[in-house]
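1. Sequence below, structure please.
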Amino acid sequence: MKNRFWTGFWRLADPKISLTSVASIHIGAAVAASEAAFSLVWLAVLLVAFFAIEVAKNAWGDVFDYDSGTDQAVAPEDRTAFSGGKRVLVDELLTRRQTWAMAAGFTLLGLVAGAAIVFLREPAALWIGVAGFALGWSYHGPPLRLAYRGLGELDVVVCYGPLIALSTYLVLAHALSWEVFWLSVPLGLIIAAFLWVNEFPDYLADRAHGKRNLVVRLGRRRASRVLPWIYAAAFFILSALPLAGLPDMVLLGWLAAIPAAYASYQVWRAPESFHRSVPVQPAALIAFLVYSAGAGSGVLIGSP
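-> Okay, the predicted model is just below:
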């Protein structure tokens, strides 16, 4: 029982997925550091807050996907480490009560960290925090259930692009920044592409149980043709950033095009089965990490 509980906790904590928020935090923190507006203590508080909400979101999302039947319907050959839900209920690692307790406990931790930020550091962070929590809940939760209505991908673009990056900069620099906004939009798109790739293995289960994300709405073949355009939009915006006054070194983010091109090719080639034989999902994850590292480091290197 004890081993099952900690295995369930580890699945909900899922460090590889939590890297999405870390990538966005890095963008906001890099711009703040380039302007000498940096606090390691408050950056640590931000990391705690976002990590806690990530775990809570994973927990309540697992309950909602279990209740809809999608997680149970994923065929064994389509299960991967990146898709098919956390499966803590399906695999009987946690009870429903334990899963909701995990969601409540980590939500409380996130709210405490957020309250510390609002009352001790930056009051204006309250509004971004409220918006972020509402969007995080609404990805799976009622009444909006965005992931079930074809709006989950847009939710991801907003949250893991501008919202987290801007909130990080706001807490560190006590202001908002257009530089952070434009740097974070390509990141949001590349993270949405990661989600897009992860929706292919779950396609049949999602379609059968009413989870009408965009891959389900388009069908796997047409969706595979859209993926390169998501990446292309991200790199087009990145290419224009020096024209908007950002350092030329932000173009280091173009290094992400290598894993992005690999993911696009493999999904285009075999949209129904790529996840069974080639590491496309890890490549899509590497793409947004490389973008964040490259563009964020480029800001620091290129700043006067």
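2. Which residues are in contact with the closest residue to A147 other than its chain neighbours?
-> Sequence neighbours aside, Y139 is the residue nearest to A147 in space, at 5.3 Å (criterion: C-beta to C-beta, 6 or more residues apart in numbering). Bear in mind the C-beta positions are built from the backbone N, C-alpha and C, glycine included. Contacts for Y139 were tallied using C-beta atoms under 8 Å, 6 or more residues apart in numbering; they are 57, 61, 146-147, 152, 155-156.
3. Can you tell me which of the residues you listed end up in helices?
-> 57, 61, 152, 155-156 (DSSP state H).
4. quick revisit: can you put the contacts of Y139 in a markdown table and add distance to V250?
-> A markdown table is the format used below for these (distance: C-beta to C-beta, whole Å):
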| residue | distance to V250 |
| --- | --- |
| K57 | 29 |
| G61 | 33 |
| L146 | 30 |
| A147 | 31 |
| G152 | 28 |
| D155 | 26 |
| V156 | 22 |
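5. What segments of the protein are helices?
-> Under DSSP H, the chain gives helices at 2-13, 15-34, 40-68, 70-73, 96-120, 125-140, 152-158, 164-173, 178-199, 203-208, 214-218, 220-240, 257-269, 280-302.
6. Which one, of the ones you listed, ends up nearest to L89?
-> helix 40-68 (4.4 Å; C-beta to C-beta).
7. quick check, distance from that closest one to the centre of its chain.
-> 11 Å (C-alpha atoms, centre = their mean, to the nearest Å).
8. For that helix, name the packing helices and strands.
-> helix 2-13, helix 15-34, helix 70-73, helix 96-120, helix 125-140, helix 164-173 (3 or more C-beta pairs under 8 Å, 6 or more residues apart in numbering; DSSP states H and E).
9. in it, what counts as buried?
-> 42-43, 45-66, 68 (16 or more other C-beta atoms under 10 Å).
10. Then stretch 88-100?
-> In stretch 88-100, the ones that count as buried by 16+ other C-beta under 10 Å are 88-90, 93-94, 98-99.
11. do the same with stretch 219-233
-> Applying 16+ other C-beta under 10 Å to stretch 219-233 flags 220, 223-224, 227-228, 230-231, 233 as buried.
12. again, but for stretch 239-256
-> Here stretch 239-256 shows 241, 246-247, 249-254, 256 as buried, counting by 16+ other C-beta under 10 Å.
13. Just put the residues you listed in CSV and tack on distance to S273.
-> As requested, these are exported to CSV (distance: C-beta to C-beta, whole Å):
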residue, distance to S273
L241, 37
L246, 40
P247, 42
M249, 39
V250, 37
L251, 35
L252, 34
G253, 31
W254, 30
A256, 25
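14. Surely T99 touches R87?
-> No. T99 lies out of contact with R87 (C-beta atoms under 8 Å); the separation is 11.1 Å.
15. The closest residue to L285 other than its chain neighbours: what's it in contact with?
-> Leaving aside its sequence neighbours, L285 sits nearest to F194 (C-beta to C-beta, 6+ apart; 5.8 Å). Neighbouring residues of F194 by C-beta under 8 Å, 6+ apart: 20, 281, 284-285, 287-288.
16. hmm, try it at 10 Å
-> By C-beta atoms under 10 Å, 6 or more residues apart in numbering, the contact list for F194 reads 17, 19-20, 82, 156, 160, 230, 260, 263, 281-289.
17. tell me the pLDDT at the residue lying closest to R212 once chain neighbours are set aside?
-> Excluding the flanking residues, the one nearest R212 by C-beta to C-beta, 6+ apart is G150, at 5.4 Å. On pLDDT, G150 comes in at 96.
18. repeat for K2
-> The predicted local confidence for K2 is 64.
19. so how far is stretch 193-207 from its chain's centroid?
-> The answer for stretch 193-207 is 15 Å, by C-alpha atoms, centre = their mean.
20. How much space separates the closest residue to F51 other than its chain neighbours from L47?
-> Once flanking residues are discounted, F51 sits nearest to S18: 5.8 Å by C-beta to C-beta, 6+ apart. Between S18 and L47 the computed distance is 9 Å (C-beta to C-beta, to the nearest Å).
21. Also D155?
-> Plainly put, D155 is 21 Å away from L47 if you go by C-beta to C-beta.
22. what's the burial count for the nearest residue to Y231 once chain neighbours are set aside?
-> Nearest residue to Y231, sequence neighbours excluded (C-beta to C-beta, 6+ apart): A260, at 4.5 Å. By the measure other C-beta atoms under 10 Å, the count of residues near A260 is 28.
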